[in-house]
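Asks: can't give you the sequence, but here's the structure:
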């Protein structure tokens with residue numbers, strides 16, 4: 001069961017403005033001197049974000065954020081290892097070469113080496129953070145071998161009893177052979193998804209059939225409060241038997257988890273209230289025991305803490321990195337409430353029952369009573385693990401269905417991240433290239449940011465918080481298709497309601513026509529412009545991209561008879577045009593009803609049909625055109641962030657008397673500092 005953390009969670013959700021961005025190193029906001037853009041390489045752009053109002057927080061709140069930020073940095077190595085068992089070895093080797101290189105830095109091999117290292121940092125490993133495929137070095141094997149052999153012996157991360165030559169022989173195909181560990185997460189139909197995925201959630205020789213059988217035996221279909229089986233462990237074979245290696249203090253990843261716990265202990269000492277202190281205590285207990293019932297108690301306490309201004313996520317959370325949607329990657333965010341902007345989300349969450357009751361889905365699949373939906377707009381202060389450098393713009397947790405049903409959920413919109421995207425995209429030329437006419441441009445200019453943020457609110461607060469499973473339905477019934485279906489469900493809920501007159505009545509949307517900006521943006525993106533993230537000849541693998549194409553293609557096909565949406569040509573270029581917004585909303589409602597049915601009934605075949613027929617395949621001719629047009633704009637399709645730097649100012653006794661924040665650390669500097677200060681795991685785990 002997955003939510004839009006992707007962490008998102010939105011792997012990220014695509015912001016209209018975020019598709020663009022000037023590749024200059026010095027992009028600044030027009031209304032201040034803050035520099036948003038930090039670096040650009042390959043298909044990536046690095047930005048920074050502001051943390052407004054940090055200085056106005058109390059000393060205790062600043063201190064709390066400082067400790068939580070340190071804890072957020074300590075789990076970085078865990079994610080590298082989860083993403084692939086050789087990732088730490090490769091990162092440490094590359095960093096050693098970078099630090100010890102004495103050759104010509106203008107040499108093409110070295111320049112390609114720098115780009116590759118930056119990509120490994122960005123993706124927390126050797127597979128593309130979004131497309132899942134392995135990216136290959138642009139430098140030669142000979143260059144790499146020579147540089148490895150030049151390193152001091154203690155800088156080469158060899159295994160026990162392994163020579164440097166043996167190390168190179170082991171690591172060379174992992175890096176250079178496109179057929180070795182080709183995909184981090186394989187979602188292709190008809191193959192063993194475990195054997196063909198390069199992630200490190202399962203040991204050598206473990207098959208998909210064995211994994212599914214192993215966890216099926218554990219599950220009790222009559223258990224109304226099931227744990228999320230397998231969430232915090234690696235499943236391996238020992239003496240021919242499957243065994244879970246649990247991630248906990250004293251277990252797998254213990255050195256990093258111990259340091260996380262150490263910072264959480266400090267955070268507990270400056271908690272804002274007893275409820276927040278309880279949350280931290282229960283998280284520490286989970287990390288110490290690895291017990292998933294304890295994790296559920298932590299999740300419930302976290303949901304129930306609605307008064308603390310400072311909040312955080314820290315732990316094994318989202319399962320997008322596991323093709324079976326069970327094992328959770330490590331991630332963290334540290335944030336505090338944007339009190340003014342939260343008024344909008346509070347209106348939405350207060351009216352959650354109305355939206356549920358008027359949903360176009362079958363009443364059997366609606367919640368009779370929506371419980372504990374708390375929503376806020378946050379200012380993020382630190383990103384970590386699977387939320388860094390690429391981050392979601394919205395979060396909805398916890399992921400356990402029964403906790404959401406019985407206790408509710410927390411939904412957040414990360415507005416300072418969305419603002420950074422928007423500022424960095426000013427004057428990119430993207431909209432002028434892909435938007436059909438001045439009518440749509442005017443809509444997007446007038447309402448685009450407002451409706452984009454609002455759709456994120458609706459997606460997180462109402463979409464992920466809506467609906468229910470039928471009694472006895474396994475939360476993992478949709479298997480590899482579960483993530484895509486869940487994200488489509490949340491997106492459709494938001495799309496359906498962003499056009500509802502209720503939003504005008506509630507005063508959270510400025511005009512009855514404002515929704516058209518989001519409808520046009522979504523259809524243009526789902527049908528065409530998100531293809532900027534796909535390589536020629538490839539299909540769509542990532543769950544959020546599949547979700548968007550599934551929705552856009554389905555409504556396009558179903559609306560053909562009425563010409564609801566069409567492709568038009570002008571000057572040899574393709575554009576998306578929406579001809580009937582009212583009928584488009586009706587189609588969104590029809591698909592929402594079907595998607596909710598599939599999820600509520602655990603209809604695996606229905607999910608497979610929707611995803612395979614609408615979400616996966618790519619029109620290669622259109623892809624070529626989109627890539628050519630996008631390339632001409634000199635833009636980067638993917639964005640990520642460096643964190644601000646927090647400095648604790650102490651008195652002569654070591655007591656913190658202030659916490660300073662600064663924004664001038666570069667991408668390379670931050671990555672090297674994190675590798676130096678927050679890298680406690682062995683190279684091989």
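Replies: Sure, I can see it. Small disclaimer: the values here were computed from a predicted structure and weren't measured.
Asks: and the residue lying closest to residue 133 once chain neighbours are set aside, how many neighbours does it have?
Replies: With CB to CB, 6 or more residues apart in numbering as the criterion, residue 133 has its nearest non-adjacent residue at 5.6 Å, and that residue is residue 183. Glycine gets a C-beta too; all of them are placed from N, C-alpha and C. Other residues lying near residue 183 total 20 when counted by other CB atoms under 10 Å.
Asks: what of the one 4 residues further on?
Replies: The local packing count at residue 187 equals 24, with neighbours defined by other CB under 10 Å.
Asks: report the secondary structure state of it.
Replies: The three-state label given to residue 187 by DSSP: H, G, I helix; E, B strand; the rest coil is coil.
Asks: same question, residue 231
Replies: What three-state DSSP gives for residue 231 is coil.
Asks: residues near the nearest residue to residue 361 once chain neighbours are set aside, how many?
Replies: The shortest distance from residue 361 to any non-neighbouring residue, by CB to CB, 6+ apart, is to residue 596 (4.1 Å). By other CB under 10 Å, the residues close to residue 596 number 25.
Asks: does residue 596 lie in a helix or a strand, and which?
Replies: Assigned by DSSP states H and E, residue 596 belongs to helix 581-601.
Asks: that helix: which residues count as buried?
Replies: For helix 581-601, burial by neighbour count (16 or more other CB atoms under 10 Å) applies to 581, 583-601.
Asks: and stretch 340-353, by the same measure?
Replies: Using 16+ other CB under 10 Å as the test for burial, stretch 340-353 gives 341, 342, 344, 345, 348, 349, 351, 352, 353.
Asks: want to throw the residues you listed into CSV with secondary structure and distance to residue 330?
Replies: Below are these laid out as CSV (DSSP: H, G, I helix; E, B strand; the rest coil; distance: CB to CB, whole Å):
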residue, secondary structure, distance to residue 330
341, helix, 29
342, helix, 28
344, helix, 31
345, helix, 27
348, helix, 30
349, helix, 28
351, coil, 35
352, helix, 30
353, helix, 35
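Asks: what stretches of the stretch 251-400 of the chain score poorly on pLDDT?
Replies: 372 (pLDDT under 70).
Asks: repeat the analysis, applying 90 as the threshold.
Replies: 341, 370-376, 393-396 (pLDDT under 90).
Asks: strands along that one, start to end?
Replies: Ranges of strands within the stretch 251-400 of the chain are 310-318, 329-337, 373-385, 394-397, based on DSSP state E, counting those that start in this stretch.
Asks: also the stretch 551-685 of the chain?
Replies: 565-570, 573-578, 638-642, 645-650, 656-662.
Asks: nearest to residue 613, out of these?
Replies: Closest of the strands of the stretch 551-685 of the chain to residue 613 is strand 565-570, at 17.6 Å (criterion: CB to CB).
Asks: contacts for that closest one next, please.
Replies: If you take CB atoms under 8 Å, 6 or more residues apart in numbering as the criterion, strand 565-570 is touched by 436, 523, 527, 555-556, 559, 574-579, 584.
Asks: and what of stretch 244-263?
Replies: With contact meaning CB under 8 Å, 6+ apart, stretch 244-263 is reached by 67-68, 70-71, 74-75, 77-78, 81, 230, 232-236, 284, 287-290, 314, 316, 330, 678, 680-682, 685.
Asks: ok so, going back, the strands of the stretch 251-400 of the chain into a markdown table, with extra columns for mean neighbour count and distance to residue 141?
Replies: Listed next are these as a markdown table, based on neighbours: other CB atoms under 10 Å; distance: least, CB to CB, whole Å:
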| stretch | mean neighbour count | distance to residue 141 |
| --- | --- | --- |
| strand 310-318 | 26 | 35 |
| strand 329-337 | 26 | 31 |
| strand 373-385 | 26 | 31 |
| strand 394-397 | 30 | 42 |
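Asks: can you list these in a markdown table and add distance to residue 633?
Replies: Below are the strands of the stretch 251-400 of the chain laid out as a markdown table (distance: least, CB to CB, whole Å):
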| stretch | distance to residue 633 |
| --- | --- |
| strand 310-318 | 32 |
| strand 329-337 | 31 |
| strand 373-385 | 27 |
| strand 394-397 | 27 |
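Asks: closest one to residue 540 among the ones you listed?
Replies: That would be strand 310-318 among the strands of the stretch 251-400 of the chain, by CB to CB, at 18.9 Å.
Asks: residue contacts, the closest residue to residue 670 other than its chain neighbours?
Replies: Nearest non-adjacent residue to residue 670, counting by CB to CB, 6+ apart: residue 642, 5.0 Å away. Counting by CB under 8 Å, 6+ apart, residue 642 makes contact with 38, 46, 47, 48, 389, 665, 666, 667, 670.
Asks: can you select the buried ones among those residues for me in ChimeraX?
Replies: Applying 16+ other CB under 10 Å to the contacts of residue 642 leaves a buried subset, and the ChimeraX line that selects it is:
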select :38,46,47,48,389,665,667,670
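Asks: from the contacts of residue 642, which land in helices?
Replies: Among these, the ones falling in helices (DSSP state H) are 667, 670.
Asks: return the closest of the contacts of residue 642 with respect to residue 137.
Replies: Distances from residue 137 to the contacts of residue 642, taken by CB to CB, are shortest for residue 667, at 19.1 Å.
Asks: which residues does that closest one contact?
Replies: Contacts of residue 667 by CB under 8 Å, 6+ apart are 38, 39, 46, 118, 121, 642.
Asks: how about those in TSV, adding distance to residue 191?
Replies: Shown next, in TSV, are the contacts of residue 667 (distance: CB to CB, whole Å):
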residue	distance to residue 191
38	39
39	37
46	35
118	32
121	30
642	38
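Asks: relative to residue 531, how far out is residue 636?
Replies: Noted for residue 636: a distance of 15 Å to residue 531, by CB to CB, to the nearest Å.
Asks: my bad, should have said residue 547
Replies: 15 Å.
Asks: beta partners for residue 47?
Replies: For residue 47, the beta-bridge partners are residue 37, residue 641 (DSSP bridges).
Asks: quick one, what contacts the nearest residue to residue 300 once chain neighbours are set aside?
Replies: Using CB to CB, 6+ apart and skipping the chain neighbours, the partner closest in space to residue 300 is residue 407 (5.2 Å). For residue 407, the contacting residues are 300, 303, 304, 371, 372, by CB under 8 Å, 6+ apart.
Asks: the more surrounded of residue 547 and residue 531?
Replies: Between residue 547 and residue 531, residue 547 has the larger neighbour count (other CB under 10 Å), namely 29 against 23.
Asks: I figured that one was touching residue 481, is that so?
Replies: No: here residue 547 does not reach residue 481: they are 10.6 Å apart, not a contact under CB atoms under 8 Å.
Asks: other SSEs contacting the helix or strand harbouring residue 456?
Replies: Element membership for residue 456, per DSSP H and E: helix 438-458. For helix 438-458, the packing partners by 3 or more CB pairs under 8 Å, 6 or more residues apart in numbering; DSSP states H and E come out as helix 339-350, strand 409-414, helix 415-424, helix 430-434, helix 482-498, helix 515-527.
Asks: just want the angle from it to helix 482-498.
Replies: 120 degrees (axes from the mean of the first three to the mean of the last three CA atoms, to 10 degrees).
Asks: compute the inter-axis angle for helix 438-458 and helix 339-350.
Replies: Going by the same axes, to 10 degrees, helix 438-458 makes 80 degrees with helix 339-350.
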